[in-house]
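Asks: A structural model of the following input is requested.
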Amino acid sequence: MGRIEAEWSTLSPNARVPPIFQTSSATVTNTSVRIRWSVIDRPEIVCICGSARFVDEMRAENRTLTLGGIIALAPGEVGGVVSEEQKAALDALHLSKIDLADRILVVNPGGYIGESTSREIAYARAAGKPVSFTDRVAQ
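Replies: Predicted coordinates:
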């Protein structure tokens, strides 16, 4: 399950607290609302990473995680050829998915890890995210 965190935040008087937050106390003035909130317990979020050549294996992991009650964030599937600009945008979007995740799962049949996946692993580790692999990493 998810983490429970709490902190004080100052919002405008007409701001709404998103439903994933639970307000435990609030102070209201004419110009702001100061609230103490906590994140409501939620399912674990896992970001799936891996080479596009393993799309079928990533789909299978996505299914397994989802059926296990885990929120799975997978690489975008756009089909066909993409431009270099589109690939860069998709790569940046996937890094944002890593930011949202509690951990990443690298789908690496036979231990293969490509250049893009290596960057994603380094990014996740730099952010303090746990990294696990479906197969032993090739040396």
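
Asks: Strands of this structure, start to end?
Replies: Assigned by DSSP state E, the chain shows strands spanning 6-11, 21-28, 33-39, 45-50, 71-73, 103-107, 131-133.

Asks: which strands and helices sit next to the last one?
Replies: It refers to strand 131-133. In terms of contacts (3 or more CB pairs under 8 Å, 6 or more residues apart in numbering; DSSP states H and E), strand 131-133 is packed against strand 103-107, helix 115-126. Glycine gets a C-beta too; all of them are placed from N, C-alpha and C.

Asks: hmm, back to that, least confident of the strands of the chain, on average?
Replies: Least confident of the strands of the chain, judged by mean pLDDT, is strand 6-11 with a mean of 51.

Asks: Which other helices and strands does the longest helix seen in the chain contact?
Replies: Scanning the chain for the longest helix, with DSSP state H as the assignment, gives helix 84-100. On a contact count with 3+ CB pairs under 8 Å, 6+ apart, helix 84-100 meets strand 45-50, helix 115-126.

Asks: Pull out the buried positions in it.
Replies: Leu90, His94, Lys97, Ile98 (16 or more other CB atoms under 10 Å).

Asks: Right, I'll leave it there.
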